[in-house]
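*Asks:* got a sequence here, can you build the structure:
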Amino acid sequence: MAKTNLNLPDEFSELVLQGSLIVAQDKANPIRAHLASAGIRELFSHILHHYAPDEEVRACSWFVQAKDTKTVTRRQRAVFATQGGLTDDYVDSLGVDVKDLHNVAIDAIDRLNKATHVRPGRVVSDQQVIDAFVDEMLDAMDGLLTSFSECRAAVCRALENNAYDALITATVTETIEELDFLSGRGYELSGPVDGGELEVLSISAAEVVVKYSGVVPITLHHGDKHDPIEIGHDFPFWMTLSAPADNPTALEHREYFFDDSGWYK
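*Replies:* So this is what the prediction gives:
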């Protein structure tokens, strides 16, 4: 049974997958295996181009033009979709090794290229053979997509402390309007973030962009120096941060939002 719960990037990908699987099961079509192979091959190509545009791949510090072609190779696209402009050394330091997943995907595309050709005496009609081949190709596609998410998960783990430090810096050096409005004499972060989550929004050739969210305890200062009043309140927040691809730990905040709606309840 072919894997259909793939984490595909868009509706077009879903459409191509659905059409390819329908063709593969159409026993009235004698060349269904070859036509389905063409559809799945195009799906691989679309995924790689979607996640790895030419200009972004070429802009990476690790990019070297392959000698046997003037284009960006499939493997280079797979690498970019996995790590963007992050250096190989940095990715290795995260303990991420997805080369085997890339190898399986590239091999699958090569096999699909061959399978699209219809030649006398080479028409594949055995449904069990067709089903097994389709399953193998989609497993390879699932592995390719997994390589993308594995690297991003590793980046999140590596940058979590840096994101927290950037949050602290923002509360100290920036005037956060939502908090400033509620305090008479300033505010300060008074404890660790509850349920903090870090999400990689993008890894381009130039930068890493992440989103940090959770609930943060803030102490609001009121009154005067003779009669100071401190009021603690937990504020849900999110913050986007970015860092250069060649120095991903140097996160700086870009924008943020602190939800003060709970203060008025």
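*Asks:* what stretches of the stretch 1-150 of the chain score poorly on pLDDT?
*Replies:* Scanning the stretch 1-150 of the chain for pLDDT under 70 picks out the ranges 1-4.
*Asks:* now do the strands in it.
*Replies:* Listed in chain order, the strands found in the stretch 1-150 of the chain under DSSP state E, counting those that start in this stretch amount to none.
*Asks:* helices along that one, start to end?
*Replies:* In the stretch 1-150 of the chain, the segments counted as helices under DSSP state H, counting those that start in this stretch are 11-24, 32-51, 54-58, 74-83, 88-93, 99-115, 127-173.
*Asks:* now the ones you listed in a markdown table, with distance to Asp246 and mean neighbour count?
*Replies:* Heads up, the C-betas are built off the backbone N, CA and C, glycines and all. Supplementary listing: the helices of the stretch 1-150 of the chain in a markdown table, determined by distance: least, Cβ to Cβ, whole Å; neighbours: other Cβ atoms under 10 Å:
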| stretch | distance to Asp246 | mean neighbour count |
| --- | --- | --- |
| helix 11-24 | 31 | 16 |
| helix 32-51 | 20 | 21 |
| helix 54-58 | 15 | 15 |
| helix 74-83 | 12 | 23 |
| helix 88-93 | 8 | 13 |
| helix 99-115 | 21 | 17 |
| helix 127-173 | 14 | 17 |
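*Asks:* redo the ones you listed as a markdown table? Include distance to Leu251.
*Replies:* Listed next are the helices of the stretch 1-150 of the chain as a markdown table, based on distance: least, Cβ to Cβ, whole Å:
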| stretch | distance to Leu251 |
| --- | --- |
| helix 11-24 | 31 |
| helix 32-51 | 23 |
| helix 54-58 | 21 |
| helix 74-83 | 17 |
| helix 88-93 | 14 |
| helix 99-115 | 28 |
| helix 127-173 | 5 |
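*Asks:* so which strand or helix has Gly214?
*Replies:* Taking DSSP states H and E as the definition, Gly214 sits inside strand 207-223.
*Asks:* show me what that strand is packed against.
*Replies:* Judged by 3 or more Cβ pairs under 8 Å, 6 or more residues apart in numbering; DSSP states H and E, strand 207-223 is in contact with helix 127-173, helix 177-182, strand 187-189, strand 194-203, strand 228-244.
*Asks:* relative orientation of the longest one and strand 194-203 in degrees?
*Replies:* Yep, that's helix 127-173 we're talking about. In terms of direction (axes from the mean of the first three to the mean of the last three Cα atoms, to 10 degrees), helix 127-173 departs from strand 194-203 by 110 degrees.
*Asks:* helix 127-173: how far from the chain's middle?
*Replies:* How far helix 127-173 lies from its chain's middle: 6 Å, per Cα atoms, centre = their mean, to the nearest Å.
*Asks:* which ones are touching Val72?
*Replies:* Ala52, Asp54, Val57, Arg58 (Cβ atoms under 8 Å, 6 or more residues apart in numbering).
*Asks:* mind redoing it with 7 Å?
*Replies:* Taking Cβ atoms under 7 Å, 6 or more residues apart in numbering as the contact definition, Val72 lies against Asp54, Val57, Arg58.
*Asks:* ramachandran angles for Gly121?
*Replies:* Backbone geometry at Gly121, expressed as degrees, to the nearest 10, gives phi 80, psi 0.
*Asks:* residue contacts, it?
*Replies:* Residues in contact with Gly121 (Cβ under 7 Å, 6+ apart): none are found.
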